[in-house]
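[1] just the structure for this:
(one chain, ligands or ions: 4)
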Amino acid sequence: MDRKADLHCHSFFSDGSLSPTALVDMAVQMNVGGLSITDHDSIESFDEAYSYAIQKQVILLPGVEISAKFRNEQIHILGYCFEPHSASLLEFCQRHRARRESRNQLILEKLSRSGMTVTIEEVKQLSPHAATYGRPHIALAMVKRGYVEDVTSAFHRYLGEGKCCYVEGEKWTVQEAIDAIHASRGKAVVAHPQLIKTRSLVRDLLALPFDGLEAYYGSMTADVNRRWCAIAHECGLFVTGGSDFHGVAKPENRFGSSWTPETTFNLLHQHFLSL
Ligand code: AMP
Ligand code: ZN
Ligand code: FE
Ligand code: FE
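    Ligands and ions are numbered 1, 2, ... in the order given. Take a look at the predicted model:
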């Protein structure tokens, strides 16, 4: 493949601003030949975009991003090339969405106590395509109400970890997330490892049965990329990369700014074709 493969981006089925097919168009425009749409707790985007991607000669691989917990720290796990209609993975995503509903309610209550009224109806109205709702959607409603100037300040001032309206919510354990991905024949990859707080946490996390590590990520420097590639190599993990493009929710993550090495992409593609 002589074009890049961006294997981390979000559509409007989670907290991205573009439709799955618009992401395929973006891939064509940016000369990105391989793509995986990794929505949070949602695997719907693949079906939406698959035939369009074929028509546009973009190789689209199934993807998902799952928020999980490891020793009280939040870890994001990417799942790739699972069976696209896996009933067990679909149910796994749906159970987490239900938990998010309760957490969203608690966040809205905290906002209300801080003098900011936001209803779940307006949150949903602002993101009508979303299959799953979380803090980014609440942040958009706060911007709309004029409580904050943008999504980033909503996180910095109110919704981020340790801020007054933060609610942790229940999450899967990392092992449960890996098991769900493997049960649907997918590959489990540690997302943006540079966000993991300590080395000992990284070491213990990588002892779990992951398949890959996202050593290339939009905002990482080349030195940091190299360090994570070396760690992946030591642990026998393949290396992936992606931009974590969201559109308006995170304008600093530019589509196609990081990509997956050709060897991993081919391996994943072959695995997908063998499903
Ligand atoms: P949640 O899944 O509800 O906990 O929200 C987490 C999501 O919020 C992440 O996946 C990001 O997309 C987004 N997010 C986290 N921190 C920030 C931030 N500082 N600014 C904008 N978006 C953020
Ligand atoms: Zn996101
Ligand atoms: Fe993430
Ligand atoms: Fe992401």
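[2] so residue 74: helix, strand or coil?
    The three-state label for residue 74, taken from DSSP: H, G, I helix; E, B strand; the rest coil, comes out as strand.
[3] and what of residue 213?
    The three-state assignment at residue 213 reads strand, by three-state DSSP.
[4] start the count at 44 instead of 1 going forward.
    That works, and once the first residue is 44, the last one we named lands at residue 256.
[5] give me the distance between the closest residue to it other than its chain neighbours and ligand 1.
    Distance criterion CB to CB, 6 or more residues apart in numbering; nearest residue to residue 256, sequence neighbours excluded, is residue 275 at 4.1 Å. All C-beta atoms are positioned from the backbone trio N, CA, C, and that covers glycine. Distance, residue 275 to ligand 1, by CB to the nearest ligand atom, to the nearest Å: 22 Å.
[6] for the closest residue to ligand 1 within the stretch 44-193 of the chain, give me phi and psi.
    Closest residue of the stretch 44-193 of the chain to ligand 1, CB to the nearest ligand atom: residue 177 (2.5 Å). Backbone torsions of residue 177, given as degrees, to the nearest 10, read phi -150, psi -160.
[7] what's the local residue count around it?
    21 (other CB atoms under 10 Å).
[8] picking that back up, for the helix or strand where the residue nearest to residue 256 lies, which outside residues touch it?
    Using DSSP states H and E, residue 275 falls within helix 265-277. By CB atoms under 8 Å, 6 or more residues apart in numbering, the list of residues contacting helix 265-277 from outside reads 236, 237, 245, 249, 255, 256, 257, 258, 259, 263, 281, 282.
[9] where is pLDDT lowest across the residues you listed?
    Lowest pLDDT within those is found at residue 263 (87).
[10] gap between that residue and residue 249?
    17 Å (CB to CB, to the nearest Å).
[11] and the closest residue to residue 194 other than its chain neighbours, what element?
    Counting by CB to CB, 6+ apart, residue 194 lies nearest to residue 182, which is 4.3 Å off, once chain neighbours are set aside. In this assignment (DSSP H and E), residue 182 forms part of helix 178-188.
[12] pull out the buried residues from that helix.
    The neighbour-count check on helix 178-188 (16 or more other CB atoms under 10 Å) flags 178, 179, 180, 181, 182, 183, 184, 185, 186 as buried.
[13] how about the residues of the stretch 44-193 of the chain that lie near ligand 1?
    Within the stretch 44-193 of the chain, the positions lying close to ligand 1 (CB under 6 Å from any ligand atom) are 58, 83, 110, 177, 178, 179.
[14] from these, which single one is nearest residue 132?
    Within those, the smallest distance to residue 132 is 13.5 Å, found for residue 83 (CB to CB).
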